[in-house]
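1. Using only what follows, build the 3D model:
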Amino acid sequence: MSSSPTPPASARTHDDRGLLDVLRSVPDPRHRRGVRHDLSVILGVGLAAVLAGCCSFAAIGEWAAALTPTALARLGARAAPTESTIRRAFARLDPEVLDRVLGAWMWTRSTTTGGRRVIAIDGKTVRGARTRSAAAPHLVAVLDHGNGTVVGQLAVAAKSNEIPAVRTLLATFDLVNTVVTLDAMHTQHDTARFVVDAGGDYVLTVKANQPRLRAALKALPWQDVPAHSTVQRGHGRRARRTLKVVTCPQWVDFPGAAQVAQLRRTVTRAGATSVKVVYLITSAEHHDAPPATLAAWVQGHWRIENQLHWVRDVTYDEDRSQVRTGHAPHVMATLRNTAISLLRLTGWTAIARALRHHARDPNRPLNLILTC
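-> Just a heads-up that it's a prediction; the model follows:
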């Protein structure tokens, strides 16, 4: 753990600082002797380059070298940091501190619906960072359902360690009036208790990894329960989601459990139909989470996969990244999260298109960093 902890998100209700000021609060791990560039300048240049679509240190260095003196001055720099300078700084930087600083700032820009925040948690392995002597970092991220921003991230040693890490990550947030959506891996009693004890609500998914619980939920008389259905069309498919909700049976012993639900997804693509059924447990009462609201929370959970992890994999080609030195893979993942979040905050939905837009004029990513 870092020796320079950052106040948790719960310690602030609003943060009026600009993003460059936030980056100035990140401790510099380098020795003062011989330092030519402030760490905030290096981070600012790196983030701006990532906003322009740069995926490697070579690309970031080339992008920085092409900046005019006027553009550099906007970041408080007199000269552009070289590729090697950026690489060394990122390799030595404490990524946990960077995640906390940026996450706390983003948290103050998260959204509420009906007085509640809704956040999704899921992990992703940065596969390209694997070496012969070191495993690829596995990063657990927290995404705000409302605006698609990343409000937290934590590295864990392996995917198997993700379960306790989620509780460590949640401890940095004020969970009062917050709904936490989690996938089947995190349908754990300890996680449920942590959320409700902190004043929040959870939505947990039950799949085949808990066969007895799933079988018991499946045996409930769902045929007698009214259904809430929605239909979506797009990308060559038609998807119907049908949700049925009942009061939680007494034998469901998850702390605070109030309702259970059956979600049936029927997807038709090119004439072929597939059906998938999952079950849900939530601590939210019916008056706070009627079927339509619960269905929106469940569907919103997949934003973290579709609008964060998929973008990092496909648009940024993260899994084939050659960034492997020290903490640099984690730092680069954090900058990608931040770039995606900034673009979401300013209304972009197609991230690839946004990166092309910002790549055409170096002042565009600088404007974004300096005005958000």
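2. Strands of the stretch 251-372 of the chain, start to end?
-> Assigned by DSSP state E, counting those that start in this stretch, the stretch 251-372 of the chain shows strands spanning 259-269, 272-282.
3. Count the residues that sit near residue 302.
-> 15 (other Cβ atoms under 10 Å). Yep, even glycine has a C-beta here, placed from its N, CA and C like the rest.
4. about what we covered before: identify, out of the strands of the stretch 251-372 of the chain, the most deeply packed stretch.
-> Counting by mean count of other Cβ atoms under 10 Å, strand 259-269 has the highest mean neighbour count of these, with a mean of 18.
5. was I right about residue 317 contacting residue 56?
-> No - counting by Cβ atoms under 8 Å, no contact exists between residue 317 and residue 56, whose distance comes to 9.4 Å.
6. Mind checking which of these two has more residues around it?
-> residue 56 (16 against 12).
7. And the pLDDT for the more buried one?
-> pLDDT, residue 56: 93.
8. mind giving me TSV with the strands of the stretch 251-372 of the chain and columns for distance to residue 200 and mean pLDDT?
-> Formatted as TSV, the strands of the stretch 251-372 of the chain follow (distance: least, Cβ to Cβ, whole Å; pLDDT from 0 to 100):
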stretch	distance to residue 200	mean pLDDT
strand 259-269	15	95
strand 272-282	11	95
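9. nearest to residue 206, of those strands?
-> For residue 206, the closest of those is strand 272-282, at 4.2 Å, according to Cβ to Cβ.
10. report the angle between the axes of that closest one and strand 259-269?
-> Inter-element angle recorded for strand 272-282 and strand 259-269: 160 degrees (by axes from the mean of the first three to the mean of the last three Cα atoms, to 10 degrees).
11. Pairing partners for strand 272-282, with directions?
-> Each strand paired with strand 272-282, and its direction, by DSSP bridges: strand 201-206 (antiparallel), strand 259-269 (antiparallel).
12. for the strands of the stretch 251-372 of the chain, which one sits closest to residue 193?
-> strand 272-282 (12.9 Å).
13. Return the distance of the closest one from the chain's centre.
-> Relative to its chain's centre, strand 272-282 lies at 24 Å (Cα atoms, centre = their mean, to the nearest Å).
14. same thing with stretch 358-372?
-> 22 Å.
15. In TSV, list the strands of the stretch 251-372 of the chain along with distance to residue 167.
-> TSV is the format used below for these (distance: least, Cβ to Cβ, whole Å):
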stretch	distance to residue 167
strand 259-269	23
strand 272-282	17
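16. Residue 183: which of those is closest?
-> Using Cβ to Cβ, the nearest of those to residue 183 is strand 272-282, at 9.8 Å.
17. Residues in contact with the closest one: which ones?
-> Identification of contacts with strand 272-282 by Cβ atoms under 8 Å, 6 or more residues apart in numbering yields 184, 187, 192, 201-207, 213-214, 217-218, 248, 252, 254, 257-267, 289, 294, 298.
18. residue contacts, residue 362?
-> 48, 52, 63, 66-68, 71.
19. what angle separates the helix or strand bottoming out on mean pLDDT in the chain from strand 259-269?
-> The helix or strand of the chain with the poorest confidence is strand 228-234; it has a mean of 90 (mean pLDDT, DSSP states H and E). Computed with the same axes, to 10 degrees, the direction of strand 228-234 lies at 30 degrees from that of strand 259-269.
20. longest helix in this structure, by residue count?
-> helix 328-345 (DSSP state H).
21. Low-confidence regions, the stretch 1-150 of the chain specifically.
-> 1-14, 128-134 (pLDDT under 70).
22. 50 instead?
-> 1-12 (pLDDT under 50).
23. which residues in it form strands?
-> 117-125, 138-144, 150-156.
24. which of those strands sits most buried?
-> Buried most deeply of these, by mean count of other Cβ under 10 Å, is strand 138-144, with a mean of 25.
25. one step back: any idea which of the strands of the stretch 1-150 of the chain gets closest to residue 231?
-> strand 117-125 (22.3 Å).
26. That closest one pairs with which strands, parallel or anti?
-> strand 138-144 (antiparallel), strand 178-182 (parallel).
27. Dump those strands to a markdown table, plus distance to residue 76.
-> Below are these laid out as a markdown table (distance: least, Cβ to Cβ, whole Å):
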| stretch | distance to residue 76 |
| --- | --- |
| strand 138-144 | 29 |
| strand 178-182 | 36 |
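28. So for residue 162, which of these sits nearest?
-> strand 138-144 (5.7 Å).
29. who's in contact with the closest one?
-> 103, 106, 110-111, 117-126, 149-159, 161-162, 165-166, 169, 173, 303-304, 307-309, 330, 333, 337.
30. Please name the bridge partners of the residue lying closest to residue 110 once chain neighbours are set aside.
-> Nearest non-adjacent residue to residue 110, counting by Cβ to Cβ, 6 or more residues apart in numbering: residue 144, 4.2 Å away. Per DSSP bridges, the residues bridged to residue 144 are residue 119.
31. From residue 347, how far out is residue 144?
-> 15 Å (Cβ to Cβ, to the nearest Å).
32. what's the answer for residue 246, then?
-> Taken as Cβ to Cβ, the span from residue 246 to residue 347 is 39 Å.
33. Between the two, point out the one with more neighbours.
-> residue 246 (17 against 8).
34. what's the helix or strand for the more buried one?
-> strand 237-247 (DSSP states H and E).
35. Measure how far that strand is from the centre of its chain, please.
-> 25 Å.
36. same deal with stretch 188-199?
-> That offset, for stretch 188-199, works out to 20 Å (Cα atoms, centre = their mean).
37. Okay, buried residues for that stretch please.
-> Under the neighbour-count criterion of 16 or more other Cβ atoms under 10 Å, stretch 188-199 has 188, 191-196, 198 buried.
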